[in-house]
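K.L.:
here is my input, please return the structure:
(chains A and B)
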Protein chains: 2
Amino acid sequence: MLGKSQAKYIQSLGQKKVRDEEGVFVAEGPKIIAELLASTDANIQQLYALHDWIAANRDDCNGVEIIEVDENDLTKISQLATPNKVLALVKKQETPDLSTKGTVSLVLDTIQDPGNLGTIIRIADWFDIKQIICSKDCADMYNPKVVQSTMGSIVRVKILYTDLAPWLEEQNDVFIYAAALEGQNVMAMKKITEGLIIIGNESKGISAEIFEQVDVKITIPRIGNAESLNAAVATGIILSHVV
Amino acid sequence: MLGKSQAKYIQSLGQKKVRDEEGVFVAEGPKIIAELLASTDANIQQLYALHDWIAANRDDCNGVEIIEVDENDLTKISQLATPNKVLALVKKQETPDLSTKGTVSLVLDTIQDPGNLGTIIRIADWFDIKQIICSKDCADMYNPKVVQSTMGSIVRVKILYTDLAPWLEEQNDVFIYAAALEGQNVMAMKKITEGLIIIGNESKGISAEIFEQVDVKITIPRIGNAESLNAAVATGIILSHVV
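P.N.:
Now for the predicted structure:
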């Protein structure tokens, strides 16, 4: 049974302000919840699930509190157009303490589309990039659409939100790469084992004060006529060539 | 001025059935409209635009009929959350007559997400893939979300909807490649100058009767832990390595 105040509370987690105050976000659907339950990094506080899901998954829930709800209740608390059996309240990551030495990190400048941000987190996880640094005007990583499109990768990638320009100035012992319209052909580049790779906003690109700090510009050659590539697709292509 | 019946007509083009009957689709926003106006392949029937847009772009409209509307009218006919200055009614492509010899074509099996389909069309255009063959259960290429996410590439890529399995059986003089979980490492593959590259549904992959016909399976090696890659991202990565 779902109380009215609890339903309201879960709904309110759709807002960034409330998520920040509570330190909690919402994840939904059997696929993502299975990933979260299997991960040692995820701290699930409660599960709200349909009877059938509970019957099939109770043994994998590691003692997490489970509240059985019906379809009607699930619709009330879900952020999805089609609610999908189970919803979890999950504790947000601590602000990570990142070191950029000896590893490849992704840096996102103004990636505002939640679907793109989520997809980029998933790509990073695929290519074993363990940390992402986001400018403060990127979409919120705990936005429900971001969480959904990471497909569970959100618990495996450390993400820091910061003022990018001053933060980059401090990273003077690693190389700074960036996706750009004119630069080295990504297909001819050597593998990168240490450094930062900056991906910019689709329409505006990388902001000027950040672009100044870039050591190596990387370009995906255009063979046909499309005006640009989606930021997540560009990230996937670059990582597949250099990591 | 926008008449009530015309507004209703444009709204009704949000439905596939009406688009099919009328042979017309809707495209929106200055960026896409500029691409359509610049393309010799696009057949724009009418433009509905705000005063400012018309003042700035009248000379590029090649004699297409322009109907001036106010913000209020534009909101009524727009399929976007935030209407964007101009909307066009565009004639659909004729069903293309494709030849697969001597060229690389993309084949999509059950790509149902409109954003993914649109992004794939844009990627194809970037890599100069001129034709895409879609299974009948792919999203409709003229769905407003598909059109938006192609960013104008929709007018440059020929797209055929067909029963894939029998169609593939007829293509016995070209190689059939497919993205798969286990296959040749895409990073070690030679360039492809002729053939079909099949991309399957994200969760279900490529259907069995189609998979049987594949000559070469292509895999994007996973280095990290993500369970899968988005279908559009996988398409971008594969094309960037083999085209």
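
K.L.:
the one helix or strand in chain A whose mean pLDDT sits lowest close to chain B?
P.N.:
Taking mean pLDDT, DSSP states H and E as the measure, the helices and strands of chain A show their lowest mean at helix A:30-38, namely a mean of 91. Yes - Helix A:30-38 comes into contact with chain B when judged by Cβ under 8 Å from any Cβ of the partner chain, the residues involved being A:31, A:35. C-betas here are computed from N, CA, C, even on glycine.

K.L.:
could I get the buried residue list for that helix?
P.N.:
Taking 16 or more other Cβ atoms under 10 Å in any protein chain shown as the neighbour-count basis, helix A:30-38 is seen to contain the buried residues A:31-33, A:35-37.

K.L.:
tell me which two of the residues you listed sit farthest apart.
P.N.:
Largest separation among those by Cβ to Cβ: A:Lys31 and A:Leu37, giving 11.1 Å.

K.L.:
tell me the phi and psi of A:Val216?
P.N.:
Note on A:Val216: its backbone torsions stand at phi -130, psi 120 [degrees, to the nearest 10].

K.L.:
how about the nearest residue to it, chain neighbours excluded?
P.N.:
Once flanking residues are discounted, A:Val216 sits nearest to A:Tyr177: 4.8 Å by Cβ to Cβ, 6 or more residues apart in numbering or on different chains.

K.L.:
partners of whichever helix or strand that neighbour is part of in the sheet?
P.N.:
Per DSSP states H and E: A:Tyr177 is located in strand A:176-185. For strand A:176-185, sheet partners with direction are given as strand A:195-200 (parallel), strand A:216-219 (parallel), following DSSP bridges.

K.L.:
from the rest of the structure, what touches the last one?
P.N.:
Pointing back at strand A:216-219 there. In this structure, residues lying in contact with strand A:216-219 by Cβ atoms under 8 Å, 6 or more residues apart in numbering or on different chains are A:175-186, A:189, A:197, A:238, A:242.

K.L.:
again, but for the longest one
P.N.:
Under the criterion Cβ under 8 Å, 6+ apart, residues A:100, A:104-111, A:120, A:133, A:168, A:171, A:174-179, A:206-207, A:210, A:214, A:218, A:231, A:234-235, A:238-239, A:242 lie in contact with strand A:195-200.

K.L.:
just the buried residues of stretch A:137-155, please?
P.N.:
A:138-155.

K.L.:
ok, A:Gly224 - contacts?
P.N.:
Residues touching A:Gly224, when contacts are defined by Cβ under 8 Å, 6+ apart, comprise B:124-130, B:156.

K.L.:
ditto for A:Lys136
P.N.:
Residues near A:Lys136 by Cβ under 8 Å, 6+ apart: A:161-164.

K.L.:
ok, A:Gln148 next?
P.N.:
Listed by Cβ under 8 Å, 6+ apart, the contact partners of A:Gln148 are A:27-29, A:32, A:80, A:118.

K.L.:
ditto for A:Ala234
P.N.:
With contacts taken as Cβ under 8 Å, 6+ apart, A:Ala234 has the following neighbours: A:179, A:199, A:220, B:236.

K.L.:
you'd agree it is in a helix?
P.N.:
Yes - note on A:Ala234: a helix contains this position according to DSSP: H, G, I helix; E, B strand; the rest coil.

K.L.:
all the strands of chain A, residue numbers only.
P.N.:
If you assign secondary structure with DSSP state E, the strands in chain A sit at A:24-28, A:44-49, A:65-68, A:86-91, A:104-109, A:131-135, A:158-162, A:176-185, A:195-200, A:216-219.

K.L.:
what average pLDDT does the longest one get?
P.N.:
Spelled out, that is strand A:176-185. Over the span of strand A:176-185, the pLDDT mean works out to 95.

K.L.:
and that strand, what's buried?
P.N.:
Within strand A:176-185, the residues that qualify as buried are A:176-180, A:183, counting by 16+ other Cβ under 10 Å.

K.L.:
please apply the same query to the fourth one.
P.N.:
Along strand A:86-91, these residues count as buried under the neighbour rule (16+ other Cβ under 10 Å): A:86-90.

K.L.:
tally of neighbours for the residue lying closest to A:Gly29 once chain neighbours are set aside?
P.N.:
Here the nearest residue to A:Gly29 in space, its sequence neighbours aside, is A:Asn84; by Cβ to Cβ, 6+ apart that works out to 4.0 Å. Burial measure for A:Asn84: 18 neighbouring residues, criterion other Cβ atoms under 10 Å in any protein chain shown.

K.L.:
what does A:Asn84 show for phi and psi?
P.N.:
According to degrees, to the nearest 10, the main-chain angles of A:Asn84 amount to phi -130, psi 70.

K.L.:
check contacts around it.
P.N.:
When contacts are counted by Cβ under 8 Å, 6+ apart, A:Asn84 touches A:28-30, A:78.
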